[in-house]
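Novice: the following comprises the amino acid sequence and a computationally predicted model.
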Amino acid sequence: MLRDCIYHFIGDAGDRNVPKRVQKAIVDQQNISEQLVGWIQLLVVFTFGTLYAISPKTFHPDAPFAPVPYVLSVYLVFTLVRLYLSYRIRLSGLMIGASIMADILLLFGTIFSFHIQYMQPPSFYLKAPTVLYIFIFIALRTLRFEARYILLSGLAAAVGWGFMVGYVVVMDDMNTMLTRDYVRYLTSNSVLIGGEFDKIVSILMVSLILAVATIRARVLLKQSVTQGQAARSLSRFFSDDLAEQIKNSESDAKVGDVVSREASILNVDIRGFTPLTKRSTPEEQIALITEYHKRIVPIISGCGGHVDKFTGDGIMAYFGVLTESTSHAAQSLKAMEEIIRASDQWNAERSEQGLEPVVIHASCASGPIVFGVIGEEHRLEYTVIGDAANVSAKMEKQTKAEGVRAIATAVTLDCAVKQGYSEAATRWELRKDRQVAGVDHLMDVIVLREA
């Protein structure tokens, strides 16, 4: 625990075991925090300036000078430069530390000038309520989630106020301003050392509490960024709808979480892929699969389907699984037609490039399925099982037996027609009593007629 606190205190070193992409995300958040700090500092300057402009001036007309406008002008320039740099570069720790020291010096310099401006003894400035603004500057550092800058602000403020008190004591060499009378302290320029000590203790304690809170917040920030990065990475392995369902689930996924419903399962494959790979290099094989997925997956998604898994050159997708659907069969048949059209277009392009054609075929079945989590505690997977999934997989090879590229069960067509599928009469041909390998009974199937 102590080691973790030290790591978080010294900042970036606390992230040494965090993946670089997560470190970068944290750094990006820190940069945004510095920009926010700059804007708040700018707001503080304008607040100071507005209050000074509208408030009545009670200092003596013979006062040698009025320092506040000059201090505010300098601080405004400093704040604008710092804000500009925060958008241009990543501010270094040295620059942030210098900014903290400048904040405190300018504030205390303003407070120090009050006794000159109002022609009072030095103890006069110790009563200025302006010292409360130091807590704003300390609190600003919490936006960065680095405890070291909070502690630096608090320590610098405590030391600075200590010097301010020390200056009063040194200048009062006759000890006429020091008192132990609380009433006299509140009603005159007298100095109560205990009261000033309370201010210093308050500054240090607030800084320490904020630092501890920031350390805890930084742990949560790292967890949040890490989990966010992991979620974005993992979401690429799932469809958007499934990723959203996992994210919004009331409880963690566990083995046995299942739903049952009517759905359509689509399988897409490349015929003769193995012989094709033997005539190509590994790089060409990966390029082929990548291009294949690039063309087919968007069609499936565009028709309302979701890819369940990739198996080499095979793609398994489902329609109406994640949520109840009244159009899953119609969507699956539409997807199959578009896949075949995309296949023809791809082969036309390959022919122009002097490449051999890629024969894509697809099969689909509709019916009851079970969608749920399988595996064991440390390795889970969402999957689809049921009659529709089994039949769709077995019908994949039936395309070759039928001499076609797209095949589905007659049940799928009947269901699609009921769901408003309008192209059934012209695009598909019914073939009755077909023996599908792996299925123990004859089946009525439909095949997509070649254009």
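Specialist: Structure received.

Novice: going forward, measure contacts and count neighbours with C-alpha atoms only.
Specialist: Noted.

Novice: which residues of the stretch 251-400 of the chain fall in strands?
Specialist: 258-271, 306-311, 314-319, 359-376, 379-385 (DSSP state E, counting those that start in this stretch).

Novice: dump these to TSV, plus mean neighbour count, mean pLDDT and distance to Met95.
Specialist: Formatted as TSV, the strands of the stretch 251-400 of the chain follow (neighbours: other CA atoms under 10 Å; pLDDT from 0 to 100; distance: least, CA to CA, whole Å):
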stretch	mean neighbour count	mean pLDDT	distance to Met95
strand 258-271	22	88	56
strand 306-311	17	85	50
strand 314-319	23	90	54
strand 359-376	22	83	51
strand 379-385	15	70	47
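
Novice: to Gly97, which of those strands lies closest?
Specialist: If you check each of the strands of the stretch 251-400 of the chain against Gly97 by CA to CA, strand 379-385 wins as the nearest, at 46.9 Å.

Novice: would you mark the buried spots in stretch 69-86?
Specialist: Judged by neighbour count using 16 or more other CA atoms under 10 Å, the buried positions of stretch 69-86 are Leu72, Tyr75, Leu76, Phe78, Thr79, Arg82, Leu83, Ser86.

Novice: which residues touch it?
Specialist: Stretch 69-86 is contacted from outside by 31, 34-35, 38-39, 41-42, 45, 48-49, 91, 99, 106, 110, using CA atoms under 8 Å, 6 or more residues apart in numbering.

Novice: then stretch 27-37?
Specialist: Leu83, Ser86, Tyr87, Arg90, Leu91, Leu140, Arg141, Leu143, Arg144, Phe145.

Novice: correct me if wrong, but the first one is in a helix.
Specialist: Yes. Remark: Leu83 belongs to a helix, assigned using DSSP: H, G, I helix; E, B strand; the rest coil.

Novice: buried ones among the contacts of stretch 27-37?
Specialist: Buried by 16+ other CA under 10 Å: Leu83, Ser86, Leu91, Leu140, Arg141, Leu143, Arg144, Phe145, out of the contacts of stretch 27-37.

Novice: and the furthest pair within these?
Specialist: Leu83 and Phe145 (18.4 Å).

Novice: please report how far Asp387 lies from Met336.
Specialist: 20 Å (CA to CA, to the nearest Å).

Novice: I meant Ala317, not that one.
Specialist: Relative to Met336, Ala317 is positioned 11 Å away (CA to CA).

Novice: got it, and Gly320?
Specialist: Using CA to CA, Gly320 is found at 15 Å from Met336.

Novice: the more surrounded of the two?
Specialist: For Gly320 versus Met336, the count of surrounding residues by other CA atoms under 10 Å is larger for Met336: 27 against 21.

Novice: pLDDT score assigned to the more buried one?
Specialist: Note for Met336: predicted pLDDT of 93.

Novice: quick one: residues contacting it.
Specialist: By CA under 8 Å, 6+ apart, the contact list for Met336 reads Ala362, Ala406.

Novice: let's see it at 10 Å
Specialist: Residues counted as contacts of Met336 (CA atoms under 10 Å, 6 or more residues apart in numbering) are 266-268, 296, 299-300, 303, 342, 361-364, 405-408, 448.

Novice: picking that back up, which single one of the buried ones among the contacts of stretch 27-37 is nearest to Ser351?
Specialist: For the buried ones among the contacts of stretch 27-37, the closest approach to Ser351 (CA to CA) belongs to Ser86, at 54.3 Å.

Novice: and Leu186, how many neighbours?
Specialist: 12.

Novice: for Ser123, see how far away it is.
Specialist: Distance from Leu186 to Ser123, counting by CA to CA: 12 Å.

Novice: overlap of the contact sets of these two?
Specialist: Common neighbours of Leu186 and Ser123, using CA under 10 Å, 6+ apart, are Leu192.

Novice: for Met177, grab phi and psi.
Specialist: Main-chain dihedrals, Met177, degrees, to the nearest 10: phi -100, psi -20.

Novice: wait, isn't it in contact with Leu192?
Specialist: Yes. Between Met177 and Leu192 there is a contact at 8.7 Å, judged by CA atoms under 10 Å.

Novice: overlap in contacts, those two.
Specialist: Contacts common to Met177 and Leu192, judged by CA under 10 Å, 6+ apart, are Ser123, Tyr185.

Novice: pass me the low-pLDDT residue ranges in the protein, would you?
Specialist: By pLDDT under 70, the weakly predicted segments of the chain are 1-23, 25-26, 55-67, 173-175, 225-257, 373-382, 423-426, 450-451.

Novice: domain-wise, how is it divided?
Specialist: For the chain, automatic domain parsing gives the domain ranges 2-235, 247-448.

Novice: so what's the gap between the longest one and the chain middle?
Specialist: Relative to its parent chain, domain 2-235 has a centroid offset of 30 Å by CA atoms, centre = their mean, to the nearest Å.

Novice: ok, stretch 296-310 next?
Specialist: From the chain centre to the centre of stretch 296-310 is a distance of 25 Å (CA atoms, centre = their mean).

Novice: gap between the two ends of it?
Specialist: Using CA to CA, the end-to-end distance of stretch 296-310 comes out at 12 Å.

Novice: tell me what the helix or strand hosting Arg148 is packed against?
Specialist: Under the criterion of DSSP states H and E, Arg148 resides in helix 147-171. Contacts defined by 3 or more CA pairs under 10 Å, 6 or more residues apart in numbering; DSSP states H and E place helix 147-171 against helix 2-9, helix 93-117, helix 134-140, helix 193-235.

Novice: could you tell me the angle between the one helix or strand Gln29 maps to and helix 193-235?
Specialist: In this structure, Gln29 sits in helix 20-54 according to DSSP H and E. Per axes from the mean of the first three to the mean of the last three CA atoms, to 10 degrees, the angle that helix 20-54 makes with helix 193-235 is 140 degrees.
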